[in-house]
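In: My questions are about this predicted structure, shown below with the sequence.
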Amino acid sequence: MLEEKSSKKRRLDIVIVHDYLIQMGGAEQLVASLHRLFPLAPIYTSVVDRSRLMPDFIDARIIDSAMRLLPGIARHFKKYFLLYPIAFQSLGKIPADLAIISSSGFSKWAQFADGCIRICYCHTPPRFFWSPDDYLENETSRSWLRSIVRRILLLLRQSDYRAAQSIDHFIANSQLVRERIQNCYGRDATVIYPPVDIDRFTPQASHDGYYLIVSRLVGYKRLDIVIRAFRENGRKLVVIGEGPDRERLQNLAAPNIEFRGWVARDEVVRAMQNAYALVFPGLEDFGITPIEANACGKPVLAFGAGGALETIVARQSGLFFEQQAPEAINGALPQFEAIAWDAVAIRQLAERFSEKRFQEEILRFVDDVRATGRGFAKTLAI
């Protein structure tokens, strides 16, 4: 808890702000960890789908906007993108001494009471503003619609830049995102890697011989190159996940490739423990799934770019292929399979990304902010 050293012992008012609580991914796991660290802090967001919330949020005070009343918001939340700035403005000036803003979209546009210190944990500057062509290519096949939306996004980019300048301190989830923050906003950031629930996983040296994908089935994840590679090499591949790209991927597949769809979290853990290795073909800002596989003692065959370069240690917890192409994957497999992987050593490398480490680094960061005297004089009491 953060407290002020005074006779009144006033508790520091902290709030957590997040883009939306609809899909439960890595960013939401981070918000859940922040909630465990600051359990009294309310969570402000544009919209929440309570039917999909993780159990971690069962005791959280969550405040959202009238966007919850929009038809089909849980399924079509991306189509309402023009309303998110209005949603955060409708929350008014949020009363707080300190705001921790989890953002890859509009949450840093929220307004706060005078004197509030704003710390933004940036998962990435919004791709739809800063790389609209790449983003829209994966969202719609209609060229006329992409052209219209692109113009709107480029206009809103200026507002996103201004919102970023209101942030007092940036935290990036990787060195890659730190560079992106510098390029987009002209701001520096401190890197604090996100938390991974290492304790959910137990390392297991034995395996059932299959390779594994755990991912949302969307185009930019580049799962198609893995499907094509394994169709050629004949090795068993298990795919866990759902998404709009599933039908296309299944049409590319051969009988040695099994699609299991969405499965419960416990089943994901078992699938990782019984796998020979995880395949990770996308360019990700950070990437939690490879660390989860490492926590099970399993190596990762990954595309050698993005966050994977910061989390996977070559020849110790995984190996890289250099191009997003089926032939690059198949070319790397003989070397990958010749390595005598050590499940215990792989697990130890995964422990660098534990929730305990994340929370300790966040607390130190907040205490350092306090020490600068930017707007308040509080003391960190752990």
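Out: Noted; the coordinates are in hand. Residues are numbered from 1 along each chain as shown.
In: Please make it C-alpha for all contacts and neighbour counts, starting now.
Out: Will do.
In: List the contacts of the closest residue to K298 other than its chain neighbours.
Out: Nearest residue to K298, sequence neighbours excluded (CA to CA, 6 or more residues apart in numbering): A277, at 5.4 Å. The contact partners of A277, by CA atoms under 8 Å, 6 or more residues apart in numbering, come to Y210, Y211, L212, A293, K298, P299, V300, L301.
In: Apply 10 Å and report the result again.
Out: Residues counted as contacts of A277 (CA atoms under 10 Å, 6 or more residues apart in numbering) are 207, 209-213, 237, 290, 293-294, 296-301, 318, 336-337.
In: Likewise for F365?
Out: By CA under 10 Å, 6+ apart, the contact set of F365 is I119, H169, I171, T190, I192, Q359, A371.
In: Can you list phi and psi of it for me?
Out: In terms of degrees, to the nearest 10, the main-chain angles of F365 are phi -60, psi -50.
In: how much space is there between it and Y121?
Out: 11 Å (CA to CA, to the nearest Å).
In: pLDDT weak spots in the chain?
Out: Applying pLDDT under 70 to the chain flags residues 1-10, 132-150, 373-382.
In: could you redo the last one with a cut-off of 80?
Out: Scanning the chain for pLDDT under 80 picks out the ranges 1-11, 78, 81, 128-155, 372-382.
In: follow-up on the earlier one: now the common contact residues for F365 and Y121.
Out: Here F365 and Y121 have H169, I171, T190, I192 as joint contacts, going by CA under 10 Å, 6+ apart.
In: Please work out how many residues are found near the last one.
Out: Translated: I192. Using other CA atoms under 10 Å, the number of residues around I192 comes to 19.
In: now swap in the third one and tell me
Out: Number of residues near T190 (other CA under 10 Å) recorded here: 15.
In: Skipping its backbone neighbours, what lies nearest it in space?
Out: Distances taken as CA to CA, 6+ apart place I171 nearest to T190, at 4.8 Å, with adjacent residues excluded.
In: mind listing what the helix or strand hosting the one you found pairs with, with the direction of each?
Out: In the assignment (DSSP states H and E), I171 maps to strand 169-172. Here strand 169-172 is paired, per DSSP bridges, with strand 117-122 (parallel), strand 190-191 (parallel).
In: neighbouring contacts of whatever helix or strand comes next after that strand?
Out: Once the chain leaves strand 169-172, the next helix or strand it forms, by DSSP H and E, is helix 175-185. Applying CA under 10 Å, 6+ apart, the contact partners of helix 175-185 are 122-126, 129-130, 157, 160-165, 170-172, 174, 186-193, 284-286, 305-307, 309-310.
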